[in-house]
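S.K.: predicted model follows, preceded by the sequence.
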Amino acid sequence: MGPDRRRAEIAFDLFIATYEGKYPKAAECLAQDRAALLAFYDFPAEHWGHIRTTNPVQSTFATIRIRTNKTRGCLSRDTMLAMVFKLYQSAAKRWHRLRAAHYLTEVISGTIFKDGLRVQQDAA
């Protein structure tokens, strides 16, 4: 959670050095995934919180999974689908909108961001 990639790399190295003796497998796993863990620095800073979330797909369906597991065998296929649809609609009311959505077109078009800021490219 450094304010820029350079400080995050320093903190990452310190963490690995501190804990690799006690937790070698965990430190190795983190070291292997270093690029993926720090990839959010290549996107707009406003998007960092959304990118770092644990598992948005699983979070989306957690409400539905909890209810359907409890009612298994009590409903027909049609009533189960109707219940899942209504639970999905209800869960969607609590979703957060993407902050700074106007940056999406730039990200999709390949604009380069460094430490959350747009990199100005000189016209050659």
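M.R.: Yes, it's here. Residues are numbered from 1 along each chain as shown.
S.K.: report the helix or strand with the lowest average pLDDT across this protein.
M.R.: Ranked by mean pLDDT, DSSP states H and E, the weakest helix or strand in the chain is helix 56-70, scoring a mean of 68.
S.K.: flag every buried residue along whichever helix or strand comes after it.
M.R.: Next along the chain after helix 56-70, taking DSSP states H and E as the criterion, comes helix 77-92. By 16 or more other Cβ atoms under 10 Å, the buried positions in helix 77-92 come out as 84, 87. Where you see a C-beta, it was placed from the backbone N, CA and C, and this is true even at glycine.
S.K.: going forward can the numbers begin at 256, since that is how I track them
M.R.: Understood, numbering begins at 256; the last thing we discussed is helix 332-347.
S.K.: what packs against helix 332-347?
M.R.: helix 311-325 (3 or more Cβ pairs under 8 Å, 6 or more residues apart in numbering; DSSP states H and E).
S.K.: could you list the low-pLDDT ranges of this structure?
M.R.: 307-316, 318, 323-329, 350-353, 376-379 (pLDDT under 70).
S.K.: ok, residue 288 - contacts?
M.R.: Contacts for residue 288 (Cβ atoms under 8 Å, 6 or more residues apart in numbering) come out as none.
S.K.: for it, phi and psi?
M.R.: As for residue 288, its main-chain torsions (degrees, to the nearest 10) stand at phi -100, psi 20.
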